[in-house]
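Undergrad: What would the 3D arrangement of this be:
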Amino acid sequence: MEKYITLITNTITPLCKSPQRLNLRPTSQEDYEAIARLLFSAYDESTFPTQENAQHYVETILNGTHGEFYPEASPILIDDNGRAVAVLLSLKNRLDHNGPENTPTLLELITAPSRRREGIAEELITYALDVMHTQHHEAASTHINETNAAALALYLTLGWQRWTPQDDTFLPA
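TA: Numbering: from 1, shown residues only. From the prediction side, this is the model:
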């Protein structure tokens with residue numbers, strides 16, 4: 001059985017001082033197919049054996065199955081050919097309660113394999129946290145498979161901290 005780690009951060013302190021360098025925009029329903037293609041190409045067969053599996057999963061996120069989709073805090077990067085290169089899908093709340101209550105969740109962070117290690121993921125996270133802060137959310141959480149060393153390293157490097165239900169009132173400084 002897979003184990004997950006919940007991480008939390010505040011939205012008050014900006015992650016980086018440099019201006020946005022990528023042309024990010026909020027995700028919309030029209031991006032559904034592009035996100036599904038990106039998701040299918042980014043994961044191995046055991047996660048999404050077919051393109052249809054990836055499409056169904058994206059549909060469940062956008063339709064609120066996991067919690068209320070948060071399009072403003074779900075930035076997407078589209079390349080010059082109209083393909084999704086990276087996306088961060090966020091929820092205003094998470095229905096499975098794997099995280100602090102009333103705290104937005106960064107649910108899926110996906111970058112095309114050919115575009116990894118370019119700083120895109122960090123910029124997507126910064127964008128989402130800025131939107132959340134602007135909309136008066138004090139903290140955000142994410143839920144990561146403990147075997148995903150790259151994702152854990154990214155979030156921990158950005159100052160995110162482990163959270164447990166006993167830390168319910170904890171918000172990082």
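
Undergrad: What count of nearby residues applies to the nearest residue to W163 once chain neighbours are set aside?
TA: The shortest distance from W163 to any non-neighbouring residue, by CB to CB, 6 or more residues apart in numbering, is to I8 (4.1 Å). (Glycine included, C-beta is placed from N, CA and C.) Close neighbours of I8, defined as other CB atoms under 10 Å, add up to 22.

Undergrad: Spell out the secondary structure type for I8.
TA: Here I8 takes the strand state, with states given by DSSP: H, G, I helix; E, B strand; the rest coil.

Undergrad: State the phi and psi torsions of Y4.
TA: Dihedral angles phi and psi of Y4 (degrees, to the nearest 10) take the values phi -120, psi 150.

Undergrad: Now the residue lying closest to it once chain neighbours are set aside: which helix or strand?
TA: Counting by CB to CB, 6+ apart, H143 is the residue found nearest to Y4 once chain neighbours are left out, at 5.1 Å. Taking DSSP states H and E as the definition, H143 sits inside strand 139-145.

Undergrad: what element comes up after that strand heading to the C-terminus?
TA: Later in the chain than strand 139-145, the nearest helix or strand by DSSP H and E is helix 149-157.

Undergrad: What is the burial count for the nearest residue to A151 once chain neighbours are set aside?
TA: Using CB to CB, 6+ apart and skipping the chain neighbours, the partner closest in space to A151 is I144 (4.9 Å). A count of nearby residues for I144, using other CB under 10 Å, gives 20.

Undergrad: mind listing the strands for the chain?
TA: Along the chain, counting by DSSP state E, strands occupy 4-10, 25-26, 75-78, 84-91, 105-111, 139-145, 161-163.

Undergrad: Including distance to I120 and mean pLDDT, could those go into TSV?
TA: Below are the strands of the chain laid out as TSV (distance: least, CB to CB, whole Å; pLDDT from 0 to 100):
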stretch	distance to I120	mean pLDDT
strand 4-10	19	91
strand 25-26	14	94
strand 75-78	6	94
strand 84-91	5	96
strand 105-111	5	95
strand 139-145	16	93
strand 161-163	23	91
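
Undergrad: nearest to A42, of those?
TA: Closest to A42 of those is strand 105-111 (CB to CB; 5.0 Å).

Undergrad: Run through the neighbouring helices and strands of that closest one.
TA: Counting by 3 or more CB pairs under 8 Å, 6 or more residues apart in numbering; DSSP states H and E, the packing neighbours recorded for strand 105-111 are helix 32-42, strand 84-91, helix 120-134, strand 139-145.
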